[in-house]
Each structure stands twice: as C-alpha cells, then as structure tokens.
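Colleague: just to be clear, the model below is a prediction. Sequence and coordinates:
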Amino acid sequence: MNKTTLSVSNREIWQITYPIIFGNLAQTIIVLVNTIFLGHVGNAELGAAMMAGMYYLVFTTITQGFSVGVQILVARRLGEGNITRIGKIFEHGLYFTILLGLTLLGIMGFFTRSFFSHIIESPNIYASAIKFMDFRQWGILFVSINFLFRALYIGLSNTKIITITTLMMAAVNIFFDYTLIFGHFGLPEMGVAGAGLSSVLAEMTAFITFIVYTFIKLPYKRYQLFSFQRFEGRLLGSVLRISLPTMFQRLISFGSWFLFFAMIEHLGERSMAISGIVRSVYMLCTIPVFAYSATANTITSRLIGAGKQDEIPRTLLQIVMMSTLTVLPILAFCAIFPEQVAAIYTDDKMLAAQSVPALYTIYIGAIIMTAAMVYFEFVSGTGKTLIALFLETGVIIVYIIYLLLSTHKYQFAIQWVWCTEWVYSSLILLFSLAFLKWYPWRKKSSLA
C-alpha cells in the first residue's frame, strides 16, 4: 500500500500522543517527586515510598484496565460515526468505576498492614510504608474516575485536557510534597506521610479539573453525556467483556512488578534504594512509550470501526518509528550523564554511582519496549483483550522464573536482576508480532 493512502498522518498521531505523554507523566511525576524528596530524607523512607507506591500502582492499574474497555468502545463508535452512544458508554463505565474504586479502597484499608507484614522484612521500611499508605489509599477514588475521563478523551482523540490536568497535578504535588514532607509555610512536618497526602491532593485536583473542563469545553450534549437515561445491562456487559481481561492482564503485569520489588527488598535496603532510583528513571524514560502505545490502541479500534483494517500494519510501523525517535534523545541524555541523573534522587554519592550499571540495563530495556508496547496495545485495540491476557500471562511466567533465579538461586548483581525488563519486552514483542501476522484479527468483531 502506498504511504499516501494511509488515513492517519504522523501529525495526527502526534496530536493524539503528546497530551497522553503529559497524562502518563501525571502518575510518574507523583512517583518522581516523592522519590526525589524522600531520597533526601533517608534510604528507609525512599524504599518505603517505592514499595508502597508499587503496591498502590497495582490497584490503580486494575481500574485503568477497566477504562481501556471504555476507550476501545468510544473509539469504535467514533470511527463508525455513532457518537450518540458515547455518552451511554461513559455513564455505564462511571457506574462500575465508582463501585470498583470503593471496593479497592476497602481492600487496601483492611488488608494492607497484614500484607506488608508478610512481604517487608525491614522494620524501618514497614513502618514508613504504613504511614505512606494511611493517606495514599484515599486517592484510589479520584484516580479511578480520572482514568475513566482519560479513556473518554483518548477514545475521542481529543486529548488536550490530559495536558492540563497533568500540569495541575504536578504543581499541586510539588507544592505539598515540599511543604508537608519538611513542614514549610507553617504546615506540619509529616515526612513520608506527607508524600502520601500530597499525592491524594494532586489526584483530587485532576478530578475537579476534568469535571470543570468537560462541562465548559466538551459538547457533552452532542455525545448525550450525563443524560443518565435507562440503564442497559447489555451495554455494561459489553464493556466488562472487553475490560475484564485487560483488568486481569494489568493486575498480573503490575502485580509481577510488585513481586519484583518485594524480591529486591530481601536483598537489603541498599539494593532497594538503588532500585527506587532505577524504577523512577525507567518510568520517566518510558513515558512516551506508553503514550504511543495508547495511541496505537485507540487508532487500531477507530480504523477497524471505519473498515480500514488494511491500513493498520503500516500505521503501527509509523507509530513505532515515532516512539523510537521520541525516546532516543531522552535515553541518550541519561546515558551520557548517568551519575548526575541518579544524584537527583539522593545525596549519597556512592549510592548514585552504584545505580549506574542498573541504569544502563533499563536504557536497553526501554529501546525494546518502544516497539513491544505499540504492538501489544494493537492486540487489545482489536477487541481481543482475552488473547492479550493469555499472551501476557505466558510472558509473566517466564519473567517470574528469571526473577526467582536471579534473586534467590544465583543472587545476581542488581543490574542483572533488572534484565527481567529485557525478558519481558522481548517476549511481548515476539508474541504480538505473531498475532499481527497469523491471527485473523482483520475480521471486525461485534462490540455493542
């Protein structure tokens, strides 16, 4: 197919992607700012925020997984021109999201202490992690609805609001981290608990911003948004049919990452502190990766809705090339100044130097990830989320085997433990390409 026949241009891909980059930056900024401030408080606080932050992230990815189903359906209806159904899709998603958020809050409230006592060996890290989570858990209510709004706007390819909410979150998080962790401007000195509270305030700010923007800027009546008409059990069932595999897939994926850090914690506070730095840098470097993959998901669904399946392989290649070109300058800068990057997170020069080998490891992992996540999100974008779940489950099994061998049986140096990211991204890429080549995905599935 001639390149000029493609209906999705590089400019349109970028216009959808760059606000998502800022949106993905939202949670990453919270983690980044918490890590930077707490890294200057102590290694135990840094390790605790990392462990508790990963634990919280597992819960947020469940609700994010549900929002992917909403995103796929919104994009499909947009591609079909059936825009009056978009409001109903969002509203039915909202019903379930509120119920899900309250359920996850209850689970965290009742089980966190017991769970941490079995997972965390260091008494210092345990105590700090509990202080952090006593506040952090309340953010799940706001972040659940924020993900739903993001799904709506990404599905509509109208993503500028994501940039606005991210900037608001960043400003609020930085201000309250500075004031609540260290006790500035007359506010109490809360330490690690202040980091948890500031994160909740940041997510609450994004929630309010989404609501105000939607009523002022979005033609919500055109989409029949907030009409709250008759409840359609079949519609919610369709959303859940797409979303549940993605929810389980995200739970398995990020649950295994939490397991990764639990294994690292058993190697000692030093290894934990190094991994805290490495994780934050890795998340920062891969922000464009996950933004472009979200774009691949929504464009795939939209093109299928418009009956343009034959354009998808070339469009995916476009997205991979753009993702790689966006990520490479970030990785190059971090590779040239690794100790300076690590020093942002800690005053301990030795700790910064010891982090460098592991940083180089994740830079390579990030390059593989640029293609892997685009093609993996394409699988979900076709509506075959159950296949995506099976695909990821198989990869995670291999991932955990390598993790156990590297941390327990052979006790590799920390940089070789981080090669788990090579294993994960390489297998995800291979399986997703196999799906693209051999699975009959071009047949348009029925999505209510």
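Modeller: Nice, thanks for sending it over.

Colleague: for stretch 181-189, which positions count as buried?
Modeller: Buried positions in stretch 181-189, judged by neighbour count with 16 or more other Cβ atoms under 10 Å: 181, 182. For the C-beta atoms, the positions are set from N, CA and C on the backbone; glycine is no exception.

Colleague: on the C-terminal side of the helix or strand of the chain with the lowest mean pLDDT, identify the next helix or strand.
Modeller: Taking mean pLDDT, DSSP states H and E as the measure, the helix or strand of the chain with the lowest value is helix 10-39, at a mean of 72. Of the helices and strands lying after helix 10-39 in sequence (DSSP states H and E), the nearest is helix 43-80.

Colleague: roughly how far is that next one from the heart of the chain?
Modeller: For helix 43-80, the separation from the chain centroid amounts to 5 Å (computed by Cα atoms, centre = their mean, to the nearest Å).

Colleague: mean confidence for it?
Modeller: The average pLDDT within helix 43-80 is 81.

Colleague: in it, which residues are buried?
Modeller: For helix 43-80, the neighbour count (16+ other Cβ under 10 Å) marks 43-79 as buried.

Colleague: give me the below-cutoff pLDDT ranges for the chain.
Modeller: Counting by pLDDT under 70, the chain contains low-confidence ranges at 1-7, 19, 22-29, 35, 39-40, 42-43, 265, 269, 444-448.

Colleague: ok, residues contacting stretch 92-110?
Modeller: Applying Cβ atoms under 8 Å, 6 or more residues apart in numbering, the contact partners of stretch 92-110 are 56, 59, 62-63, 66-67, 69-70, 133, 137-138, 140-141, 144-145, 147-148, 151, 231-232, 235-236, 239-240.

Colleague: got the contact list for residue 136?
Modeller: Per Cβ under 8 Å, 6+ apart, neighbours of residue 136: 52, 53, 56, 196, 199, 200.

Colleague: closest to residue 416 among those residues?
Modeller: For these, the closest approach to residue 416 (Cβ to Cβ) belongs to residue 53, at 23.8 Å.

Colleague: where's the closest residue to the closest one other than its chain neighbours relative to residue 310, distance?
Modeller: Nearest residue to residue 53 in three dimensions, chain neighbours excluded: residue 31, at 5.6 Å (Cβ to Cβ, 6 or more residues apart in numbering). As for residue 31, its distance to residue 310 is 40 Å (criterion: Cβ to Cβ, to the nearest Å).

Colleague: repeat that for residue 373.
Modeller: Note on residue 373: its distance to residue 310, by Cβ to Cβ, is 23 Å.

Colleague: pick out whichever of those two has more residues nearby.
Modeller: Using other Cβ atoms under 10 Å, the more surrounded residue of residue 373 and residue 310 is residue 373, with 25 against 12.

Colleague: helix, strand or coil: sort out the more buried one for me.
Modeller: What DSSP: H, G, I helix; E, B strand; the rest coil gives for residue 373 is helix.

Colleague: show me what contacts the residue nearest to it when sequence neighbours are not counted?
Modeller: Distance criterion Cβ to Cβ, 6+ apart; nearest residue to residue 373, sequence neighbours excluded, is residue 293 at 3.8 Å. Shown in contact with residue 293 (Cβ under 8 Å, 6+ apart): 323, 373, 374, 376, 377.

Colleague: so which of the residues you listed wins on neighbours?
Modeller: residue 374 (29 neighbours).

Colleague: burial measure for residue 8, as a count.
Modeller: The tally of other residues near residue 8 (other Cβ under 10 Å) stands at 20.

Colleague: so it: helix, strand or coil?
Modeller: Classification of residue 8 using three-state DSSP returns coil.

Colleague: that one touches residue 311, doesn't it?
Modeller: Yes: in this structure, residue 8 is within contact of residue 311 by Cβ atoms under 8 Å, at 7.0 Å.

Colleague: okay, and the common contacts of those two?
Modeller: Overlap between the contact sets of residue 8 and residue 311, as judged by Cβ under 8 Å, 6+ apart, is given by residue 303.

Colleague: just checking, next helix/strand downstream of the strand or helix carrying residue 258?
Modeller: Here residue 258 sits within helix 233-265, counting by DSSP H and E. Per DSSP H and E, the first helix or strand lying C-terminal to helix 233-265 is helix 269-285.

Colleague: tell me the angle that following helix makes with helix 43-80.
Modeller: Interaxial angle, helix 269-285 versus helix 43-80 (axes from the mean of the first three to the mean of the last three Cα atoms, to 10 degrees): 30 degrees.

Colleague: which parts of helix 269-285 are buried?
Modeller: Here helix 269-285 shows 269, 271-285 as buried, counting by 16+ other Cβ under 10 Å.
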